[in-house]
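Undergrad: Provided below for reference: sequence and predicted model.
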Amino acid sequence: MPKKSKTINVPIEAVDEDIPELVDIESGLDGLELPPLIDDVDEEGETTGVLDEDDDVQMKELKPIKEVKRKRRREDRMDVDETETKKEKPTIEMRKVPVPPHRYGQLKENWVKIITPIVKQLGLQVRFNLKSRNVEIRCPENYDNKTNLQKATEFVKAFILGFTVDDALALIRLDHLFLETFEINDVKPLKGDHLSRAIGRIAGKEGRTKFTIENVTKTRIVLADSKIHLLGSYQSIQVARNAICSLILGSPPNKVYGNLRTLSSRLAERL
């Protein structure tokens, strides 16, 4: 069965007489009479309009606005006190040379011989830092010669690598000497007994092969396990390195000696 819809009768309220009639905007406002907000002033000086006499309106006088002129700060102006306080601190350069544990004893025995040329000849400051285990070398204030700092660093580094103090002093006295380090595995990868035999071939019986290379090429050689350190001029280091590489690769010592003599004679003729 379909449900019947119920109708509800809503009573129409009485029309409010105070509500103004709606105005059609499209028709315009020309024919519409609107009450004035403020009527004209009467003869007695009173106004009649929307505001009644009971409404109190307090009018205050506006204060005149003062123009404040601010001075612009000059960007170029600098205070003398600020420039005096912000003085640049002089930069002091310093070099650190780490010392391995097996060289502590030798460094302690030869400490006086090491610091004497650094302090007296080069005019630098040197100390051994017990905490970091480094030899620290620095320039004093107002010291402009930076090459002496590099010379002192190379001198200490050469001693730490295993050279004697007298041999390392040549780095301070002469300008054309250099240090070079390479490993046997850089030439040929060797392990175990093959590596030990290569080290023995470089040293020779009672160190004769090493001494021969040093005397012919006028260099100094230090064998530190699988590392080889060379001290000398650029050309001398090149000749000594070629001789050592040929020994590592398996050339007989007699052949290496012959090649060294021919190369050294050629170098002597050039010089």
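TA: Sure thing, it's come through. Numbering: from 1, shown residues only.
Undergrad: what's the helix ranked longest in the chain packed up against?
TA: In the chain, with assignment by DSSP state H, the single longest helix is helix 253-270. When contacts are defined as 3 or more Cβ pairs under 8 Å, 6 or more residues apart in numbering; DSSP states H and E, helix 253-270 packs onto helix 208-217, helix 234-249. (C-beta placed from N, C-alpha, C; glycine too.)
Undergrad: between that helix and helix 208-217, how many degrees?
TA: Following axes from the mean of the first three to the mean of the last three Cα atoms, to 10 degrees, one obtains 10 degrees for the angle between helix 253-270 and helix 208-217.
Undergrad: What are the buried residues along helix 253-270?
TA: Neighbour-count burial for helix 253-270 flags 253, 256, 259-260, 263-264, 267 (criterion: 16 or more other Cβ atoms under 10 Å).
Undergrad: just stretch 220-230 next, same as before
TA: So stretch 220-230, judged by 16+ other Cβ under 10 Å, has buried residues 220-223, 228-230.
Undergrad: nearest to residue 136, of these?
TA: Closest approach to residue 136 among those (Cβ to Cβ): residue 229, at 22.4 Å.
Undergrad: Wait, a helix at the closest one?
TA: No - Residue 229 is assigned strand when assessed by DSSP: H, G, I helix; E, B strand; the rest coil, not a helix.
Undergrad: The stretch 101-250 of the chain: helices as residue ranges?
TA: Secondary structure of the stretch 101-250 of the chain, counting by DSSP state H, counting those that start in this stretch: helices at 104-109, 111-116, 147-161, 165-168, 170-173, 184-187, 193-203, 208-217, 234-249.
Undergrad: Between these, which one is closest to residue 132.
TA: Proximity to residue 132 (Cβ to Cβ) singles out helix 104-109 among the helices of the stretch 101-250 of the chain, at 13.4 Å.
Undergrad: So which other helices or strands are in contact with that closest one?
TA: If contacts are counted by 3+ Cβ pairs under 8 Å, 6+ apart, helix 104-109 sits against helix 147-161.
Undergrad: before we move on, back to that, closest to residue 150 out of the helices and strands packed on helix 253-270?
TA: Closest approach to residue 150 among those is made by helix 234-249 (16.6 Å; Cβ to Cβ).
Undergrad: Low-confidence ranges, the stretch 101-250 of the chain, go.
TA: Counting by pLDDT under 70, the stretch 101-250 of the chain has no low-confidence residues at all.
Undergrad: if you set the cut-off to 90 instead, what comes out?
TA: Applying pLDDT under 90 to the stretch 101-250 of the chain picks out residues 122-123, 139-148, 174-176, 190-192, 203-208, 215-217, 224-226, 235-236, 239, 250.
Undergrad: which one of the buried residues of helix 253-270 is nearest residue 239?
TA: Checking the buried residues of helix 253-270 against residue 239 by Cβ to Cβ gives residue 263 as the nearest, at 5.1 Å.
Undergrad: Perfect, I'm done here.
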